[in-house]
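Peer 1: Fold the following and give me the result.
(one chain, ligands or ions: 1)
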Amino acid sequence: MSSEIDIMSTIKNIELPDIGDFDEVEVIEILVSVGDTIAAEDSIITLESDKASMEIPTPSAGVVSSINVSIGDKIKQGDLVIALESDDNTATDSDSNVEQPAPTEAVEAKIVPVTVPDIGDFDQVEVIEILTQVGDDLNEEDSIITLESDKASMEIPTPIAGKVVDVNITLGDKLSLGDLILNIESSAATSTATEAPVKKASAPVEQKPATTPTPVAKSAATLDQSVSNTPKGESHASPSIRKLARELGVDLSNVSGSGPKGRVLDEDLKGYVKQIITSGGMGGGLPKTPVVDFSKFGETETLALSRINKLSGKHLTACWLNIPHVTQFDEVNIDQMEAFRQEQKAKGVKLTPLVFIMKAVVQALKNHPRFNASLDESGENLILKKYFNLGIAMDTPNGLVVPVIKDVETKSLTDLATELAQTSAKARDGKLKPGDMQGAGFTISSLGGIGGTQFTPIVNAPEVAILGVSKSQMKPTWDGKNFIPTLTLPLALSYDHRVIDGAQGGRFMADLNSILSDIREILL
Ligand code: CAO
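Peer 2: Alright, predicted model coming up:
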């Protein structure tokens, strides 16, 4: 006989246990799959009523052989949830292990103790909120505390109206069925306060001293209104998500849920936390700017941002926040370049200063490879690029785009002029493809055709430097004896100070200045 025959595995039916006074509660999550090996107490499904959500654990370990419920099913105590193939003999009377305490009531003068009612299969459940204090006038059914286990959270209501005389628990206490919560000076006659529940609970009522830690008779009858997992203003989430949120210090009302009915799922909470860590990094994101109703001050009009505005806005914000910027300014004597440009113009060849600047930048990048580079993901290595692709910021009716002119070192000034014209036409017509905007090692933003004396460009991450070009103008320069009128081009170099030191920035700029002021090298 093979030994396998000796190991008899048995199929155990796992039924819905007593979960308190609930009837027909919806299955909102199934936490296991057929074939899963699960341990006793692992959660198998999550149920949600309009008052509470709770994870239901399996009482036995084993391999899930069938799942007998579907999401959306309404199930009740005793319904089959899953079947387990198990080789232990633990009983699976998951629905029969709740000892119902004999409902009793407190009668002593008008002081009535309020104790932890039967809240299902729970024991030693933590007090996470105290919702009332001494002196409060409570109505019947007002919530007095919130309890939370790792499987459920629930608000416990007072079964009678009256004034709170004392509160006998503190936050963090672990309570079980019958533990005293507080004493109430009943505003109604004691007999009135206890009679109604007797009927509802249809259980024998004994007169007990007020201090006896037993539920007042009405507790059981009101339990279905007592369990609440969604305090006002908060989102839907399972108890384990609520617990995790509290441990992480996350206010769940700030997390948008992607589950059914906007329920906050595990991935929503983790995504929210991740986003805070990556965007804020310094303790919870950025302070918000004020929200103002401008129409209070005069007529206004609302203009939707274009898709490009929104995309570039997000990217620029990320660049601005992630990169420690330094901007260095310089002015270049471009008399020689201007003379050559005018010469070409006379021959019908139109060249703007930008093509010269592009060629000069490539020369400077060859001399200073750190500027044609990106940090790797770890931030600990610099990836030097051996190709010379330049991003050129372009103005379009829909906003800023940065197409890439590739292999600039292989192209002549006229090639570049032609390609720039074609690319900017494409950009203005919204015909650039994603590939046209990828692969740059360095960016130039030229406002030379528009004006201004200087501006501070934002580094276009993951690049580490950008050159801003403003409008050239005639300026007097001192030659040692006289002031000479000189065509001067303002440049601004912004760089990532994690990668480039000030001295390196200064040297790059000095080199670029000398290449641009003597264009013979570019013309070769
Ligand atoms: N100084 C003086 N004149 C300049 C100059 C400079 N630095 N740069 C260009 N000019 C002149 C050109 O020579 C041209 O005049 P002519 O027709 O008399 O020769 C005129 O200004 C217009 O040039 P241009 O802007 O059409 O051409 P360009 O090659 O300089 O630039 C392009 C092309 C596509 C980059 C440009 O049209 C553009 O879109 N610029 C805006 C970039 C931008 O938005 N940057 C900001 C980004 S951050 O928000």
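
Peer 1: I'd like the secondary structure assignment at the spatially most central residue of the chain, please.
Peer 2: Taking C-alpha atoms, centre = their mean, the centroid of the chain lies closest to Y272, which sits 2.1 Å from it. On the three-state scheme (DSSP: H, G, I helix; E, B strand; the rest coil), Y272 is labelled helix.

Peer 1: ok, now which ones touch it?
Peer 2: The contact partners of Y272, by C-beta atoms under 8 Å, 6 or more residues apart in numbering, come to V250, N254, V255. Quick note: C-beta positions are derived from backbone N, CA and C, even for glycine.

Peer 1: which of these count as buried?
Peer 2: V250, V255 (16 or more other C-beta atoms under 10 Å).

Peer 1: Out of the contacts of Y272, which one has the weakest pLDDT?
Peer 2: Within these, N254 has the lowest pLDDT, namely 83.

Peer 1: what sits against the closest residue to the ligand within the chain?
Peer 2: The nearest approach of the chain to the ligand comes at G448, 2.1 Å away (C-beta to the nearest ligand atom). The neighbours of G448, taking C-beta under 8 Å, 6+ apart as the test, are T352, P353, L354, V469, S470, K471, S472, L489.

Peer 1: Please flag which of these sit within strands.
Peer 2: V469, L489 (DSSP state E).

Peer 1: can you put the contacts of G448 in a markdown table and add pLDDT, distance to H497 and neighbour count?
Peer 2: A markdown table is the format used below for these (pLDDT from 0 to 100; distance: C-beta to C-beta, whole Å; neighbours: other C-beta atoms under 10 Å):
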| residue | pLDDT | distance to H497 | neighbour count |
| --- | --- | --- | --- |
| T352 | 97 | 31 | 16 |
| P353 | 98 | 28 | 21 |
| L354 | 98 | 27 | 17 |
| V469 | 98 | 21 | 25 |
| S470 | 98 | 22 | 21 |
| K471 | 98 | 27 | 15 |
| S472 | 98 | 28 | 19 |
| L489 | 98 | 25 | 23 |
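
Peer 1: Near the ligand, list only the ones from the contacts of G448.
Peer 2: T352, P353, L354, V469, K471, S472, L489 (C-beta under 6 Å from any ligand atom).

Peer 1: Just the closest of those to K288, please.
Peer 2: V469 (35.0 Å; C-beta to C-beta).

Peer 1: List the residues that contact V349.
Peer 2: T414, A417.

Peer 1: helix/strand/coil for it?
Peer 2: Following three-state DSSP, V349 is assigned to coil.

Peer 1: For this structure, just list every one of the helices.
Peer 2: 190-201, 218-222, 239-248, 266-279, 307-322, 335-346, 353-367, 413-428, 502-517, 520-523 (DSSP state H).

Peer 1: worst average pLDDT in these?
Peer 2: Looking at these, the bottom one is helix 218-222 with a mean of 28.

Peer 1: touching the ligand at all, stretch 507-521?
Peer 2: No - Stretch 507-521 does not reach the ligand (C-beta under 6 Å from any ligand atom); its nearest approach is 10.9 Å.

Peer 1: Okay, buried residues for that stretch please.
Peer 2: Of all the residues in stretch 507-521, those buried under the rule 16+ other C-beta under 10 Å are F508, M509, D511, L512, N513, I515, L516, S517, I519.
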